[in-house]
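# build the 3D model from these lines:
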Amino acid sequence: DIRQVLNTLQMWSRRTKNIKYTDYMDEKKLVKKDEMLRLTAMDAFKNMIEKSHELPYSKRYESFFTDYSLIPLLMQESYITTIGSQARHNGGASSVQTLEKLASAADTISMNDVIGGNIMASQDWGALRYVAALNTGIGYIANGYCGGFPGFPAWFGKNSKRNKRYRLLTEMTMNLKATISGSPQAVRQSYLPVFRDKLLKPLAAGKEGVDEVIKMLQDFG
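As a prediction, the model looks like this:
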């Protein structure tokens, strides 16, 4: 960026006022930014899965830390696609080999999810290196082409929907507290099926069921 250019020129000016092209090329190697710092999460993910048979393990391992929360989700979203593309590229690998790779990748993803959940629960961030190693392994197993832009994790949409529904369930539980006792889980499992039948069946019978439904709503707040 501009700040780095200005800082570099200032340092060079303290040594000499005349800079040749060869001097510039030599100095450029010294001030070049770390390549990993310029990677986006998508580029890092491609390093780990599309180039997993080309790049050394250390580079793929470091790529994981570009975004350690997003890359596992990208792996989970894309491993089926990349293993399928790998089978097609190899001239149609046997279905048994493909299934074995899918099973191996799925097992590793499950293990990764368990360790990741424990890290969030215990805040033991030292275990993040195991998650990085597992994701590096998943990328090696699922090596293949994932398209111009990897599929965005569907988990985000599903998690947002889950949070919205749980918020509505919690609000309903609070409104019912004056007449019932139970947790949101109890309301979901025991009360809502009964409410559904008691509220919808009278309405399905016709206008005469409206008063019954209104009375029930008033009774339960």
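# any idea how far stretch 158-178 is from the chain center?
The chain centre lies 24 Å from the centre of stretch 158-178; the measure is Cα atoms, centre = their mean, to the nearest Å.
# so which bits of it are buried?
For stretch 158-178, burial by neighbour count (16 or more other Cβ atoms under 10 Å) applies to 169, 172-173, 176. (Glycine included, C-beta is placed from N, CA and C.)
# return the subset of the residues you listed lying in helices.
Among the buried residues of stretch 158-178, DSSP state H puts 169, 172-173, 176 in helices.
# could you list the low-pLDDT ranges of the chain?
For the chain, applying pLDDT under 70 flags the ranges 1, 4, 27-37, 90-93, 148-149, 221.
# three-state assignment of the nearest residue to residue 216 once chain neighbours are set aside?
Spatial nearest neighbour of residue 216, excluding adjacent residues (Cβ to Cβ, 6 or more residues apart in numbering): residue 198 at 5.9 Å. Secondary structure for residue 198, judged by DSSP: H, G, I helix; E, B strand; the rest coil, is helix.
# just to revisit the earlier point, so which of the ones in helices among the buried residues of stretch 158-178 comes closest to residue 189?
Comparing those against residue 189 with Cβ to Cβ places residue 169 closest, at 10.8 Å.
# does the residue nearest to residue 216 touch residue 219 like I think?
No. Contact criterion Cβ atoms under 8 Å: residue 198 and residue 219 do not qualify, at 10.5 Å.
# more neighbours, these two?
Neighbours of residue 198 and residue 219, each counted by other Cβ atoms under 10 Å, are more numerous for residue 198; the result is 14 against 8.
# quickly note the distance from that one to residue 191.
Distance, residue 198 to residue 191, using Cβ to Cβ, to the nearest Å: 10 Å.
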